[in-house]
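Enquirer: fold the stuff below for me.
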Amino acid sequence: MANEEFRLVSPAIDHDGKLPRKYTVEGQGARKNLSPPLEWYNLPEGTKSLALVVQDIDAPDPNGPIVPWTIWVVANIPPTLKGFPEGFSGKEEEVGGDYANIKEGHNDEKVPGWRGPKLPSHGHRFEFKLFALDGMLHLGNKVTKDKLLEDIEGHVLGEAVLMAIF
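Expert: Model (predicted):
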């Protein structure tokens, strides 16, 4: 029997779960603000849209406990799409078609789109969480992780999580 689990994967993340340097802003080979390719499979029945939140879940807050750092927020991804190509962030309007209604939200740097992480230390875990939703989101002009998570409450049909380490 085939695996019918709702899944999120990235061909760019190696078998050890490492996020390649080119998707960060650190060191040789880094390509500032280049989002990694993503693919998803087996959407739950009734999915009308998808939403994505990417966070560094080991981000240190100098004034307190570990608080996740938001790297990327994406809303209103049509269920007809099977993924994002590398470097998709910031280009959804250029690509058009199925990508036209996708909305990239503000990350913790207060700007929309993918922002490659710059880390004080290595070994951080990056959580890519894809939500299958029963409708479209109406978030206004400034989409944030908090606004998105509040809006999807009660509308989540499934979640797919991909973890990567840098």
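
Enquirer: what mean pLDDT does stretch 67-86 have?
Expert: Mean pLDDT, stretch 67-86: 94.

Enquirer: stretch 110-126 now?
Expert: Stretch 110-126 comes out at a mean pLDDT of 81.

Enquirer: now swap in stretch 5-18 and tell me
Expert: Stretch 5-18 comes out at a mean pLDDT of 92.

Enquirer: check which residues of that stretch are buried.
Expert: 6, 8, 10, 12-13 (16 or more other Cβ atoms under 10 Å). In this view, the C-beta of every residue, glycine as well, is placed from N, C-alpha and C.

Enquirer: how far does it stretch from one end to the other?
Expert: Length of stretch 5-18, first residue to last, Cα to Cα, to the nearest Å: 23 Å.

Enquirer: what does stretch 124-140 give?
Expert: 32 Å.

Enquirer: returning to that earlier point: so of the buried residues of stretch 5-18, which ones are in strands?
Expert: The strands, defined by DSSP state E, take in Leu8 from the buried residues of stretch 5-18.

Enquirer: closest to Lys103 among the buried residues of stretch 5-18?
Expert: Among those, Leu8 lies closest to Lys103 (Cβ to Cβ), at 18.9 Å.

Enquirer: and the closest one, how far is that from Val25?
Expert: Counting by Cβ to Cβ, to the nearest Å, the gap from Leu8 to Val25 is 23 Å.

Enquirer: spit out the contact partners of Lys145.
Expert: Lys145 makes contact with 53, 55, 70, 73, 105, 107, according to Cβ atoms under 8 Å, 6 or more residues apart in numbering.

Enquirer: so the nearest residue to it once chain neighbours are set aside, which of the three states?
Expert: Excluding the flanking residues, the one nearest Lys145 by Cβ to Cβ, 6 or more residues apart in numbering is Thr70, at 4.6 Å. Three-state call for Thr70 (DSSP: H, G, I helix; E, B strand; the rest coil): strand.

Enquirer: if we can go back for a sec, which two of the contacts of Lys145 have the greatest separation?
Expert: Across those, no pair lies farther apart than Gln55 and Gly105, at 12.3 Å, counting by Cβ to Cβ.

Enquirer: ok, Gly83 touching Pro36?
Expert: No - the pair Gly83 / Pro36 is not scored as a contact, 10.5 Å apart, by Cβ atoms under 8 Å.

Enquirer: the two - which one has more neighbours?
Expert: More crowded of Gly83 and Pro36, by other Cβ atoms under 10 Å: Pro36, with 26 against 15.
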